[in-house]
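1. below is the structure, and that's it, no one-letter string:
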């Protein structure tokens, strides 16, 4: 009798868990499908004439009046940003096209990736493997920088860069990428902290110094995390228009240019949709191809939820 009661209670609990799991699965499926619908809705509307879209945004397959389905995409590539810049103390008007914006985006991504691959791993390794007086202070600083919203430091950062006279140069991006603090330090710190110190000791027996042991032994073993961080940095930099807008307005990136384009074509939404679709498609393809690598690397760093 007692066993039967326990079995019934267990089965009840099991049924409750199943219902909860199905409810969560259903909710998340609907949530995910809503994003898929919005994505395809944006793509189909990017192929339409603005007048037809304004008449009925939900009539997705109404392509009447279009000479070419990709006319709006052609207009995006013809978009230009006009800027007034100082050259030798004189104001000059310049025109920056999408190709130049794309070039600036690649330069910004390269700086962000290189800085991210050099400084956070080094700081994380030192904090994880060496004992010194400032170790706790560094960790507290890392956590504090993650707690403070970046937008809250924008005014002070802009004033600092202006005092240093590096506005409209690539130096703000270099300084930002060379911080060596934040999430990357925790990720690499956990990863290197779990690695045996015997690797370094073996390297030292063969005559290697601390730097050689780090570069030749420890860092190569963090390749999965380095790859994941590179992908995430590329995605973040690709979508980052604020850095260019605040600190390098004379060198607009593609994200900054398209942000301006969406305002310029506010009455011709399909053109803005074409620009947004191109930006988001790159991000989705990157994350879709490397999502397993990213999640497995976070797990290796001990930070998987």
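-> Yep, it's here. Given the structure is predicted, the values throughout are model-derived calculations rather than measurements.
2. element containing residue 84, please.
-> Following DSSP states H and E, one finds residue 84 within strand 80-87.
3. tell me the helix or strand right after that strand.
-> Toward the C-terminus from strand 80-87 - assigned by DSSP H and E - lies strand 90-97.
4. how about low-confidence regions in the stretch 51-200 of the chain?
-> Low-confidence segments of the stretch 51-200 of the chain (pLDDT under 70): 85-90, 180.
5. which stretches of it form helices?
-> 71-77, 98-129, 135-147, 154-163, 171-177, 183-193, 198-205 (DSSP state H, counting those that start in this stretch).
6. which one of those helices lies closest to residue 256?
-> The closest approach between residue 256 and any of these, judged by C-beta to C-beta, belongs to helix 98-129 at 7.3 Å. Every residue, glycine included, has its C-beta placed from N, CA and C.
7. looking at the helices of the stretch 51-200 of the chain, which is buried most?
-> helix 183-193 (a mean of 21; mean count of other C-beta atoms under 10 Å).
8. so which elements touch the lengthiest helix in the chain?
-> Scanning the chain for the helix with the most residues, using DSSP state H, yields helix 2-45. Secondary-structure packing of helix 2-45 (3 or more C-beta pairs under 8 Å, 6 or more residues apart in numbering; DSSP states H and E): helix 269-300.
9. and the helix it packs on, average pLDDT?
-> Over the span of helix 269-300, the pLDDT mean works out to 79.
10. quick one, it and helix 98-129 angle?
-> 20 degrees (axes from the mean of the first three to the mean of the last three C-alpha atoms, to 10 degrees).
11. I'd say residue 252 and residue 103 touch.
-> No. Assessed by C-beta atoms under 8 Å, residue 252 is found out of contact with residue 103, at 10.7 Å.
12. got the contact list for the residue lying closest to residue 124 once chain neighbours are set aside?
-> Nearest non-adjacent residue to residue 124, counting by C-beta to C-beta, 6 or more residues apart in numbering: residue 188, 2.8 Å away. Neighbouring residues of residue 188 by C-beta atoms under 8 Å, 6 or more residues apart in numbering: 120-121, 123-125, 128, 222, 225, 301.
13. one more time with 7 Å, if that's ok
-> 120-121, 124-125, 222, 225 (C-beta atoms under 7 Å, 6 or more residues apart in numbering).
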